[in-house]
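Asker: build the 3D model from these lines:
(chains A and B)
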Amino acid sequence: MTQKAVPLSKDPTPRDPMPAAEDLVVVPVRHPLRWVAVAVVALLAAMLIHSLIVNPAWQWSYVQGYFTDHQILSGIVVTLELTGLAMLIGIVLGVILAVMRMSPNPVVSTTAWAYAWFFRGTPVLVQLLFWYSFAYLFSNLSIGIPFGPTFHTWDTNSLITPFVAGVLGLGLNEAAYMSEIARAGLLSVNAGQHEAAAALGMGRTLALRRVILPQAMRVIIPPTGNETISMLKTSSLVIVIGLNDLTGAAQTIYSQATFLQIPLLVVASIWYLIMTTILSIGQYFLERRFGRGTRRTTQQQRPGQRLLAKLRAQRHDDSAQAAAGV
Amino acid sequence: MSEPLVLAEGVRKSFGSVEVLCGISLKVDPGQVLCIIGPSGSGKSTFIRCVNHLEKIDGGRLLVDGHLVGYRRAGNKLHEMRESEIAKRREDVGMVFQHFNLFPHMTVMQNLIEAPTKVKGVPKQQAIEEARALLKQVGLSGREKAYPAELSGGQQQRVAIARALAMKPKLMLFDEPTSALDPELVGEVLDVMKELAKGGMTMVVGTHEMGFAREVADEMVFMDAGVVVESGKPREVLANPQHERTKAFLSKVL
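Answerer: I've put the predicted structure just below:
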């Protein structure tokens, strides 16, 4: 091959006439490294599958047996409840904090800043333990007039159960992160939108609700989906305050029979994967809903089609390059 | 003699240490069209934005429809208005921006009925019917369901005009409405504005379109460096400018 190569600057056969356009054959660029990558990945996958089949320590029969165990299922319910409630607190409080952060009132904006500083600056694990031990700090909680009479008093331990501590710990921590995400979203909306809404006689609250937030959502949704998926897994930290979520349930089962550790961790992992997959699909539909009116999102394909489309586009690019090379 | 709809007396405005309006005085009577011309940075946009209180003035007096813009007078005290009071005043003043600023997440119809229904409490069905009539007026019947991104710049600006008109304003402000448009789309927007002027709408237009100003404006002012250099009937100003700065500007744009 190389011996036949000639300097590109000179036409090798000056008298070779250019064939008609339809007689020219386009030769796409070859990608030999792709085949190397395929070989490496295939080898690793084969090793993994081989281990899954041959290594008896996976104990697939126990994975199957415990997959729908009632403890595991009730653990899933706890995980979903924790995730849902913590994200609800996180999103609502986060948006409020973001709006506060952008307030012209310096006291309000500094408060929001201090909140994020505190809750982002301490580990969520510590915060969970803190809420769990809240009774050491205040043994009773009451409503009433500050420094004045109280109307009703509760025992802290009966009010802040481990579940409530878990929701508070995860939710308040999440709010700090969500406030930054929401703020980025609000800032992403063009200043002209505020002005257009104002010029139509819309007040700040109405403009925020009808004009600014819906547009900010396009920027807020994708990272919020990430946060939700992350929360689903972070919620497993509640095992330190004795809650039986999915991870807790798995742990409870194998703490009584240690040989079950690997199969139950596999059970938990599979359930986490199922739940995060469902969340990702939900996120896709939310993004499409809030992407109304923007060209880029309205033309997006379904997640399953993306890889195919990407590959197709690449091949198209390749042949286009090849064609340009002719 | 009717009261002027817009009355500015020595209006001043600074951004930091830069004074962009150095005492603007002018008036617009009901039904009149005032065109403000002048080079970029002359302060015409800022002045128009002040009329709608999108910018707060630092000195002088600015009245719209007999009311001080942004302030309530009690005796010799001026009380700054609350957000809600300012919003209320803005209902009577329509504004069209250089970059349209349509709500991109709403269809054309939603853009048009949003403010009438949510701000004025017009029943939805009535708002839709009025919006249809306005779309017909700006030549965009049948595009109710389109999103702004699916329209050309000229069409978007016509929707923006219809959106402002949907609030039934007494006064329309145009802040260089055709400056962001491709040249071939300028005409369709100006035609809508001409029709509007013919219909008796009071308009303040910051523009670079001298042909439009000559044809439509009742009054024209030339602004430069924050002052009104010259004002008068557009034909006189354009044909026979009195000041050197006006002459220099017109020689560049005509």
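Asker: what lies in contact with the host helix or strand of residue B:184?
Answerer: Element membership for residue B:184, per DSSP states H and E: helix B:183-198. Residues external to helix B:183-198 that are found in contact with it (C-beta atoms under 8 Å, 6 or more residues apart in numbering or on different chains): B:33, B:137-139, B:152-155, B:157-158, B:161, B:165, B:172, B:174, B:177-178, B:181, B:203, B:205, B:209, B:212, B:215-216. In short, each C-beta sits where N, CA and C put it, glycine included.
Asker: next to chain A, which bits of chain B? Give me the list.
Answerer: Taking C-beta under 8 Å from any C-beta of the partner chain as the criterion, the neighbours of chain A within chain B are B:52, B:54, B:83-84, B:87-88, B:90-91, B:93-95, B:97, B:99, B:101-107, B:114-115, B:118-120, B:147-149, B:163-164, B:167.
Asker: so which of those residues are in helices?
Answerer: Mapping the residues of chain B next to chain A onto helices (DSSP state H) picks out B:83, B:84, B:87, B:88, B:90, B:114, B:115, B:163, B:164.
Asker: next, count neighbours for the fifth one.
Answerer: Residue neighbour count, defined by other C-beta atoms under 10 Å in any protein chain shown, stands at 25 for residue B:90.
Asker: let me know the secondary structure of the residue nearest to it when sequence neighbours are not counted.
Answerer: Counting by C-beta to C-beta, 6 or more residues apart in numbering or on different chains, residue B:90 lies nearest to residue A:201, which is 4.5 Å off, once chain neighbours are set aside. Of the three states, residue A:201 takes coil according to DSSP: H, G, I helix; E, B strand; the rest coil.
Asker: which residues in the chain form strands?
Answerer: In the absence of a named chain, this looks at chain A. For chain A, applying DSSP state E gives strands covering A:140-144, A:150-155.
Asker: I was thinking of chain B, sorry if that wasn't clear
Answerer: B:6-15, B:18-28, B:33-37, B:59-64, B:67-68, B:71-74, B:77-80, B:93-96, B:171-175, B:202-206, B:219-224, B:227-232.
Asker: mean pLDDT, distance to residue A:119 and mean neighbour count for those strands - can I get that in JSON lines?
Answerer: Rendered in JSON lines, the data for those read as follows (pLDDT from 0 to 100; distance: least, C-beta to C-beta, whole Å; neighbours: other C-beta atoms under 10 Å in any protein chain shown):
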{"stretch": "strand B:6-15", "mean pLDDT": "94", "distance to residue A:119": "37", "mean neighbour count": "18"}
{"stretch": "strand B:18-28", "mean pLDDT": "94", "distance to residue A:119": "41", "mean neighbour count": "18"}
{"stretch": "strand B:33-37", "mean pLDDT": "96", "distance to residue A:119": "51", "mean neighbour count": "26"}
{"stretch": "strand B:59-64", "mean pLDDT": "93", "distance to residue A:119": "46", "mean neighbour count": "18"}
{"stretch": "strand B:67-68", "mean pLDDT": "92", "distance to residue A:119": "46", "mean neighbour count": "16"}
{"stretch": "strand B:71-74", "mean pLDDT": "88", "distance to residue A:119": "42", "mean neighbour count": "12"}
{"stretch": "strand B:77-80", "mean pLDDT": "89", "distance to residue A:119": "36", "mean neighbour count": "10"}
{"stretch": "strand B:93-96", "mean pLDDT": "96", "distance to residue A:119": "41", "mean neighbour count": "28"}
{"stretch": "strand B:171-175", "mean pLDDT": "96", "distance to residue A:119": "43", "mean neighbour count": "24"}
{"stretch": "strand B:202-206", "mean pLDDT": "96", "distance to residue A:119": "48", "mean neighbour count": "25"}
{"stretch": "strand B:219-224", "mean pLDDT": "94", "distance to residue A:119": "52", "mean neighbour count": "23"}
{"stretch": "strand B:227-232", "mean pLDDT": "94", "distance to residue A:119": "53", "mean neighbour count": "19"}
